[in-house]
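Colleague: From the sequence below, what's the structure:
(one chain, ligands or ions: 1)
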Amino acid sequence: MRIVMVGSGYVGLVSGACFADFGHDVVCVDKAVEKIEALKKGVIPIFEPGLDALVESNVKAGRLSFTTDLGQAVADADVVFIAVGTPSRRGDGHADLGYVYAAAREIAAAMRGFTVVVTKSTVPVGTGDEVERIIRETNPDADFAVVSNPEFLREGAAIEDFKRPDRIVVGLSDERARGVMTEVYRPLYLNQSPLLFTSRRTSELIKYAANGFLAMKITFINEMADLCERVGADVQDVSRGIGLDGRIGSKFLHAGPGYGGSCFPKDTLALAKTAQDYDSPVRLIETTIAINDNRKRAMGRKVIAAAGGDVRGKKVAVLGLTFKPNTDDMRDSPAIAVVQTLKDAGAIVSGYDPEGMENAKQLMEIEFASGPYQAAEGADVTVLVTEWNELRALDLERLKSVMKTPILVDLRNVYRRPEVEAHGFTYSGVGKVK
Ligand code: UDX
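Modeller: Prediction:
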């Protein structure tokens, strides 16, 4: 199959490289000249484990290339994926589809022969209909089908998720397109990953329903964590106790500082807005959004409480800044709100993150340290916000020796209280009193 990826951001690049690795002929397109030039030289603009090697080997094998020339690439393609950004629109929280529609217009003008146009970007229900209308309007003679094929990649585990997905969702009504999509995913089909064919609108909604449900699941356990602290229970045991029920499942039940990232905050908001527009509000999701927003600042207040109620003039070391480990992504990271709350309360904040500090510098004015112990030098409190492996195995004796007062706030429950206390720390986790 000759595949074109329009948009060489996170999803486009990972999907493009993986499709090439399946043996397809893939061209990744982007408008950003510097990005394409860098990719041609083998420089990957994002941090994703394994991606650089995958890109390199497939470029070498002649299956993967990069260009800014959309027209040329699309003219030769069997399948064109739209993988451009759909940010939250400023003001109303709806997904901004400007980039998707612009891509549809350009693709329409360039396509030759039967072409399958696939929206991989997360798009609200009905976007496929509009993409179809735009293509027909731009190029009335075009022979094409519009398909929805949402992506469920997790940052940091994207390649594994792409190659071994729980399922692949494909929304379409055209039989020829069904044949093409089956061919595109054949290697996964052979891996026995279920390929679920639905209507286009259903497929578009599945993506939002999945992310909404997961955000709700995290938020549920976060509320249970707060309750555990009040009633003297342990949220990790609650997670285990309910997660072993096959109907609930154990994943996404880790209490923490609230979810962040490029998907959950944006997608929950867009889902709530769409549902309101259709006069069928999704109140569980609306409430999830509100709880999660409050939680991030509440975590800052938790640190202040652990410091004795006042952090004015005190130094707080924040370890882990990205929204989760194995990424340099700072988008909607809980660390942003935690840091802001601490600074508003007069604290001096120093931070450390293995990969995210360059991005963090755009978002927060704090002292950036070269390592966890450097960040904790002279600190009154250390708070672990993101559970990078490097931060899961801190030398507690060393940490204590550099801190002014040994207080550890562990917002990811990676340490065990008895162990930390044995080193002379005052410890607080999330949703546990013992
Ligand atoms: C998510 C979805 O998992 C993926 O399917 C979708 O395509 C894009 O959005 P991602 O944003 O990369 O992926 O990260 P994920 O691992 O899902 O974590 C999201 C946030 O939830 C992180 O801030 C993480 O720390 C938090 N989280 C996750 C918890 O607080 N507790 C959990 O149990 C799981």
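
Colleague: From here on, just use CA atoms for contacts and neighbour counts.
Modeller: Noted.

Colleague: Tell me how many other residues crowd residue 371.
Modeller: For residue 371, the count of nearby residues is 15 (other Cα atoms under 10 Å).

Colleague: Please name the residues that touch it.
Modeller: Listed by Cα atoms under 8 Å, 6 or more residues apart in numbering, the contact partners of residue 371 are 352-354.

Colleague: and those as CSV, adding neighbour count, distance to the ligand and pLDDT?
Modeller: As requested, the contacts of residue 371 are arranged in CSV below (neighbours: other Cα atoms under 10 Å; distance: Cα to the nearest ligand atom, whole Å; pLDDT from 0 to 100):
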residue, neighbour count, distance to the ligand, pLDDT
352, 26, 17, 98
353, 26, 14, 98
354, 20, 16, 97
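
Colleague: In strands only, show me these.
Modeller: Residues from those lying in strands, with DSSP state E as the criterion: residue 352.

Colleague: tell me which of the contacts of residue 371 is nearest to residue 73?
Modeller: Ranking these by separation from residue 73, with Cα to Cα as the measure, puts residue 354 on top at 37.4 Å.

Colleague: Hmm, residue 324 and that closest one touching each other?
Modeller: No: contact status for residue 354 versus residue 324: not in contact, 11.3 Å apart, counting by Cα atoms under 8 Å.

Colleague: quick one: which of the contacts of residue 371 is nearest to residue 313?
Modeller: residue 352 (19.5 Å).

Colleague: Against residue 375, how distant is that closest one?
Modeller: 6 Å (Cα to Cα, to the nearest Å).

Colleague: circling back to that earlier point, mind listing the shared neighbours of residue 354 and residue 324?
Modeller: The contact sets of residue 354 and residue 324 overlap at residue 388 (Cα under 8 Å, 6+ apart).

Colleague: Do I have it right that residue 20 meets residue 57?
Modeller: No: applying Cα under 8 Å as the test, residue 20 and residue 57 come out as separate, 9.7 Å apart.

Colleague: For those two, work out which one has more neighbours and name it.
Modeller: The residue with the greater number of neighbours, taking residue 20 and residue 57 and applying other Cα under 10 Å, is residue 20; the counts read 26 against 15.

Colleague: any idea how far whatever helix or strand the more buried one lives in is from the chain center?
Modeller: Using DSSP states H and E, residue 20 sits in helix 10-21. The offset between the C-alpha centroid of helix 10-21 and the centroid of the whole chain comes to 16 Å, using Cα atoms, centre = their mean, to the nearest Å.

Colleague: what's the answer for stretch 20-37, then?
Modeller: The gap between where stretch 20-37 is centred and where its chain is centred comes out at 21 Å by Cα atoms, centre = their mean.

Colleague: Would you mind measuring from the residue in the stretch 251-400 of the chain that the ligand sits nearest to to residue 112?
Modeller: For the stretch 251-400 of the chain, the residue positioned closest to the ligand under Cα to the nearest ligand atom is residue 252, at a distance of 3.1 Å. The spacing between residue 252 and residue 112, counted by Cα to Cα, is 44 Å.

Colleague: Residue 90 now?
Modeller: When Cα to Cα is the yardstick, residue 90 and residue 112 sit 36 Å from each other.

Colleague: what do you get for residue 272?
Modeller: From residue 272 across to residue 112, the span is 38 Å (Cα to Cα).

Colleague: Which of the two has more residues huddled nearby?
Modeller: Remark: of residue 272 and residue 112, residue 272 carries more neighbours, 23 against 17, as counted by other Cα under 10 Å.

Colleague: And the one helix or strand the more buried one maps to, what does it pack against?
Modeller: According to DSSP H and E, residue 272 maps onto helix 264-277. Using 3 or more Cα pairs under 8 Å, 6 or more residues apart in numbering; DSSP states H and E as the contact test, the elements touching helix 264-277 are helix 200-231, helix 283-306.

Colleague: Within range of the ligand, give me the residues from the stretch 251-400 of the chain.
Modeller: Proximity of the stretch 251-400 of the chain to the ligand is assessed by Cα under 6 Å from any ligand atom, with 252-256, 258-264, 323-324 identified as the residues in range.
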